[in-house]
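Student: Quick one: sequence plus predicted model below, questions after.
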Amino acid sequence: MKFLSYYIIFILLIGGFCAQAQPDTNFVLNKTLRGDIADFAVDNLGNIYLLNSDNQLKKIGPAGDSLAVYNDVRRYGKIYSMDVTNPLKVLLYYREFATIVMMDRFLNVVNTIDLRSLNIFQAKAIGLAYDNNVWIYDDQEAKLKRIRDDGSLVNATTDIRQFVDVVPDPSLVADQSGLVYLYDTAKGVYIFDHYGAFQKHLQLTGWKDFSVIEKSLLGRDQHYFFRYQPDTDIQQQIIPAAYLPAIKIIIMPGALYVLKQSGLEIYIHK
């Protein structure tokens, strides 16, 4: 479900922003979604997942039509993160209750994993793995673990404290192009392969909305987009003045999603 077009469109989008802080005229505002939007996510098919302040999750199609609603908002507390990498297997993570809820494309619950029953009491971040299993960072053991839907362990790293000076406190796990990325806004990026072997630590700190497209790392601060290419050690800085300030920004093939206090702005490529 991860396409090469991510990388191609990403290059076109980033290339369109110029260093003089002028907006990219190839991207135009298509629509703005109003209402109570606390967070959002976008899948590879262009479906938008809107989370409101009451923890209600709504799925909206690319045309703006309502597709599904998840209303079981009180059972596990506040949703900490959403992973919609695979639209057929949506993950919600309730960190306070150490619980992962798995849903189908209609937002029907198909499985739950209580991590405490697996003796994982401090799971800082989770994410969908390339094989539709689940990555978990177990802070108590300082290990990145991959588990099946039934909670059984597929594989795990050795104790990360054995080979890094500063242990991560990640807010995000991303699996992309054969590598797994842990992002800690204060300590940077920790990269592993699918077998759990540590690859490198990158000092890319202070980024918001961290994501990976192919092997390009993307993030931002209050003023700039950053694009970093680990293979070449090149970091580019772009000024998207037309889109900031923003609460959250997601770049997808042919579209840019910008959450502001006034609503979710959706820009499309002309």
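Tutor: That came in fine, so what should we check first?
Student: Next, count neighbours for residue 67.
Tutor: A count of nearby residues for residue 67, using other Cβ atoms under 10 Å, gives 14. For every residue, glycine as well, the C-beta is placed using N, CA and C.
Student: Chain neighbours aside, what residue packs nearest to it?
Tutor: In space, and not counting its chain neighbours, residue 67 is closest to residue 59: 4.5 Å by Cβ to Cβ, 6 or more residues apart in numbering.
Student: Pull the contacting residues for the one you found.
Tutor: 47-50, 66-69, 107 (Cβ atoms under 8 Å, 6 or more residues apart in numbering).
Student: Out of these, which end up buried?
Tutor: 47-50, 68, 107 (16 or more other Cβ atoms under 10 Å).
Student: Going by distance to residue 158, which of those wins?
Tutor: residue 49 (34.9 Å; Cβ to Cβ).
Student: For the buried ones among the contacts of residue 59, work out which two are farthest apart.
Tutor: So, the buried ones among the contacts of residue 59 by Cβ to Cβ: farthest apart are 48 and 107, at 12.7 Å.
Student: where does the protein have low pLDDT?
Tutor: The chain contains residues with pLDDT under 70 at 1-26, 238-242.
Student: Quote the end-to-end distance of stretch 118-126.
Tutor: 14 Å (Cα to Cα, to the nearest Å).
Student: Quick one: the buried ones among the contacts of residue 59 as CSV, columns for secondary structure too.
Tutor: Formatted as CSV, those follow (DSSP: H, G, I helix; E, B strand; the rest coil):
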residue, secondary structure
47, coil
48, strand
49, strand
50, strand
68, strand
107, coil
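Student: tell me the contacts of residue 262?
Tutor: 32, 34.
Student: Isn't residue 136 up against residue 119?
Tutor: No: at 11.8 Å, residue 136 and residue 119 do not qualify as touching, with contact defined as Cβ atoms under 8 Å.
Student: neighbour count winner among those two?
Tutor: residue 136 (27 against 9).
Student: Quickly list what that one is bridged to.
Tutor: Per DSSP bridges, residues listed as beta-bridge partners of residue 136: residue 126, residue 145.
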